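In: pasting the sequence and the predicted model now:
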Amino acid sequence: MRSRPELDTTGGRQTTPEEFSIARQLIRNSQLLAGLSPLLEVEQGRPRHLSLEGLLVALQLNALHRHHQAHLVEVARILNAMTTDQREELGIVNWDPNEAYPRVDWLFGRLCNVLESGEAGVDATWFANQLARAAIPRKLWQSHSVAVDGTDVETWGKLHGASMTIELDGEAAETQIIDEVAPRLRTKVNTAKVFGLGLDGRKRYTKDPDARAGHRSGTGQRLAGPYIGYELHLAVQTRDVRWTNYIDRTTLSDEVPNVITALNLVPAGTHRGKAIVSELIKCSKSCHEIMDVVWDPGYSLCQPETTAFPLAEASIAQTMQLVTHQRGIRPFSKDALLLDGQLYSRFLPAELRDLVMPPRVARGPYRRCYEDKFNQRARWRLVRHARPDAAGFTRWRCPFCAGLLRSRKLPQTMRRSRRVPMVALPEGETCCCDGTLSAPAVELPLTQKIPFGTTAWRISMNRRQVVESVNAALKGSFVDISRGFFRVFGRVKLSVLLGFTIAAYNLDRIRSFRAKQEELAAAVRYQPKRRRGTWAEAKQRAAKAPHVRSTGPPG
């Protein structure tokens, strides 16, 4: 047995009174002490020198620093660098700097064991979310919309053996969008082997008991391909849709702080819908109401039973990007067309049924040429007449009854404004519909508030960019949670350490948001020059004014 070399726990950063106050207040607001103290505080045995509050505050102090490392030895250094008065306020008594790391390691392991057992409904996901939300003041929960995405978290475990074969054996293998490198997923990787099967029946490739194989997309620093580790799902607050005409105009609410309101760390390859939908519903019921979720095809490709239907039952709408096999006409009643997840009139022209989305790089007029067709088609959509009932049924009106279109064959529509487009109905048709149409939720799993492909939909969908910015901050600008950021094994331990990092990131975003608002409030606003009189009087004054000829050089 090789003994571990002695750790150097000296040279820690001094904790300022401001940092100490922020970290302690955050731990108190999270209510972690009230939920964990009865499970950790026991009367038997020797009294601990390191209190639970002292450990949590030290973990948070370490996370407050930009580009920190989530290592327990850093927490031990912070405890040794504290003043005696600071340690006494946290209930730390008889502190020996030489025993800092063993005490931190023991209490951290005891905490993770309690969270892993799930006693009294307390688990690692609850712990991380409590910390993340405690950093957000109640008055800054300004939006009812969130943007959702996931990012990879590579394990610290090392690959062993001569060779291995990485396979996507998780639930996400059937729904995850794989890049063009899919044939290379079953290629041999050096120095690795399979350690066995986990409790979930999936292969273990490292000594990390919870790390699994997954697929990640390419970035500017690495290619797409398989990896071993976890996937972190994040819900980030984004702007609400204040008003839209459902065609080409959408007005968003004011800027909001892009803080993380919900998170869940799961093994790579886990079903994405099951990983985050339940957390969104819990957040909507217990913390702040969520009315709209903006996410990418990685989630909308999942079965509606795991994504669309639970959200619909919680009165949460979804804004998403449809992929190729989700588009087109689907079987429905003869009174309407189910096209691209939206209900349209049965009289929809053939040239507006099979439309092509603009290329990803299209900009300006080039993109508008594609979107104009979708905008024309949006006039033919059915309008929801009432909100879903208890059984999930919705009632819809045809575009002629809703005032979106008019036709000479329908005299009742010709009394509307001339701005409403006038269309021609097929020969022999004198009736637009048979009345209000009812549709169950099971037949409309891909329906969206704004018709897919329109300019208004694009403006709403662009709100998802905020979660991409958060992923970039967690992979470089604020911290770098790539391999080496954690040096512990297990989903529970990583979730606990991530909770402190996410809380520190939320504090950083709030600080930046407030500074931006103060800068805008202090900016000098120039009063526009008032024009005197009418425009005709201004022209008369200009005509009566003597003309001054410019004097140039002679000749």
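Out: Nice, thanks for sending it over.
In: low-scoring stretches of the stretch 101-250 of the chain, by residue?
Out: Scanning the stretch 101-250 of the chain for pLDDT under 70 picks out 161-168, 170, 172-192.
In: ugh, wrong one, the stretch 401-550 of the chain
Out: In the stretch 401-550 of the chain (pLDDT under 70), the answer is 529, 531-532, 546-550.
In: could I get the full set of helices for it?
Out: Along the stretch 401-550 of the chain, counting by DSSP state H, counting those that start in this stretch, helices occupy 455-461, 465-474, 491-522, 535-544.
In: what do you get for the stretch 101-250 of the chain?
Out: Using DSSP H, counting those that start in this stretch, helices in the stretch 101-250 of the chain cover 124-134.
In: hey, which strand is longest across this protein?
Out: The single longest strand within the chain, with elements called by DSSP state E, is strand 225-238.
In: what pairs with that strand, parallel or antiparallel?
Out: Applying DSSP bridges, strand 225-238 is found paired with strand 145-154 (antiparallel), strand 212-216 (antiparallel), strand 260-267 (antiparallel).
In: tell me which of those strands sits nearest to residue 106.
Out: Proximity to residue 106 (Cβ to Cβ) singles out strand 260-267 among the strands paired with strand 225-238, at 23.4 Å. To be clear about C-beta, it is placed using only N, CA and C from the backbone, and glycine gets the same treatment.
In: next helix or strand past that closest one?
Out: helix 272-286 (DSSP states H and E).
In: and the contacts of that following helix?
Out: 125, 129, 146, 148, 150, 171-172, 175-176, 231, 233, 235, 261-264, 266, 290, 293, 298-299, 302-303, 306-307, 310-311, 314, 316 (Cβ atoms under 8 Å, 6 or more residues apart in numbering).
In: could you redo the last one with a cut-off of 7 Å?
Out: 148, 150, 172, 175, 233, 235, 261-262, 264, 266, 290, 293, 298-299, 302, 306-307, 310-311, 314, 316 (Cβ atoms under 7 Å, 6 or more residues apart in numbering).
In: ok, stretch 508-518 next?
Out: 140, 257-259, 478.
In: who wins for most neighbours among these?
Out: Counting by other Cβ atoms under 10 Å, residue 259 has the largest number of neighbours within these, with 27 neighbours.
In: so which bits of stretch 276-294 are buried?
Out: Buried residues in stretch 276-294, counted by 16 or more other Cβ atoms under 10 Å: 276-277, 279-281, 283-284, 288, 290-294.
In: ok so, going back, the strands paired with strand 225-238: which one's closest to residue 322?
Out: Taking the strands paired with strand 225-238 one by one with Cβ to Cβ, strand 145-154 is closest: 16.3 Å.
In: walk me through the domains of the protein.
Out: Split into domains by automatic domain parsing, the chain comes to 1-122, 138-322+465-474, 336-445.
In: rewinding a little: from the contacts of stretch 508-518, which two are the most distant?
Out: 140 and 478 (18.3 Å).
In: reformat the contacts of stretch 508-518 as a markdown table; add distance to residue 133.
Out: Listed next are those as a markdown table, based on distance: Cβ to Cβ, whole Å:
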| residue | distance to residue 133 |
| --- | --- |
| 140 | 11 |
| 257 | 13 |
| 258 | 15 |
| 259 | 9 |
| 478 | 18 |
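In: out of those residues, flag the one nearest to residue 196.
Out: For these, the minimum distance to residue 196 (Cβ to Cβ) is 36.5 Å, reached by residue 478.
In: in this structure the closest one contacts residue 506, no?
Out: No: at 10.6 Å, residue 478 does not count as touching residue 506 under the criterion of Cβ atoms under 7 Å.
In: for residue 84, state which of the contacts of stretch 508-518 is nearest.
Out: For those, the nearest to residue 84 is residue 478 (32.0 Å; Cβ to Cβ).
In: the nearest residue to that closest one once chain neighbours are set aside and residue 254, how far apart?
Out: Leaving aside its chain neighbours, residue 478 sits nearest to residue 505 (5.6 Å; criterion: Cβ to Cβ, 6 or more residues apart in numbering). Separation of residue 505 from residue 254 (Cβ to Cβ, to the nearest Å): 22 Å.
In: so for these two, which sits in the more crowded spot?
Out: residue 505 (22 against 10).
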